[in-house]
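Asks: This is a predicted model, with the sequence first.
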Amino acid sequence: MQIHISSRHLKLTGAIQAYVAQKVSHLEHLTEDIIGAHVVLMHDENRAPAKAFCVKIHLGVPGPDIHIEEHNADMYAAVDLAVEKLARQLRKRKTKTVTARKHKLQVARETEKRGYRR
C-alpha cells in the first residue's frame, strides 16, 4: 500500500510522519484490498482549541473509496481517532461482502435443491 502524507499550516516532522505511516499501515491487517492512502494533516488557528488539528484520510479500495475527517486538540489523538474510524468502516465493509457472498451461495444451493433453473 502506498501512503502519501501531506500537511497544511503545519510542519511535518519525521516523528509525525513515522507515527501516521505506522498507524495507517496497520490497516492492512484488516484487508489486503487497500490500494493507497492519502493523509492530510491540518492545523487551523481560527477554530476552537478543542478542534484545532484536523486529519483527513482518503483510503483507496476497490469499489467506493473511504473518506474520514477527524478533529481534536492534539494531532496524535486526531490520528488515532481517524484510524479507529477507518478500521470500523473496513470491518463493516468486509462483513457486508462476506454476508453477501454467503447469501448468494445459500440462494444458489436452495434453487439447486428444488430443481429450479434460471
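Replies: Noted; the coordinates are in hand.
Asks: Am I right that residue 5 is in contact with residue 20?
Replies: Yes - in this structure, residue 5 is within contact of residue 20 by Cβ atoms under 8 Å, at 5.5 Å. In this view, the C-beta of every residue, glycine as well, is placed from N, C-alpha and C.
Asks: With neighbour numbers in mind, choose between these two.
Replies: A count of neighbours by other Cβ atoms under 10 Å puts residue 20 above the other of residue 5 and residue 20, at 24 against 17.
Asks: which residues are in contact with the helix or strand hosting that one?
Replies: If you go by DSSP states H and E, residue 20 is part of helix 14-25. With contact meaning Cβ atoms under 8 Å, 6 or more residues apart in numbering, helix 14-25 is reached by 1, 3, 5, 37, 39, 41, 57, 75, 76, 79, 80, 83.
Asks: Return the members of the residues you listed classed as buried.
Replies: 3, 5, 37, 39, 41, 57, 75, 79, 80, 83 (16 or more other Cβ atoms under 10 Å).
Asks: Quick one: the helices in this structure, in order.
Replies: Assigned by DSSP state H, the chain shows helices spanning 14-25, 75-114.
Asks: about what we covered before: off-centre distance for the helix holding residue 20?
Replies: Helix 14-25 sits 15 Å away from the centroid of its parent chain (Cα atoms, centre = their mean, to the nearest Å).
Asks: just stretch 105-118 next, same as before
Replies: Between the centre of stretch 105-118 and the centre of its chain there are 37 Å (Cα atoms, centre = their mean).
Asks: Next: stretch 39-49.
Replies: Put simply, stretch 39-49 sits 20 Å off its chain's centre (Cα atoms, centre = their mean).
Asks: Then stretch 43-62?
Replies: With Cα atoms, centre = their mean, you get 14 Å for stretch 43-62.
Asks: ok, now stretch 84-101?
Replies: Offset of stretch 84-101 from its chain centre (Cα atoms, centre = their mean): 10 Å.
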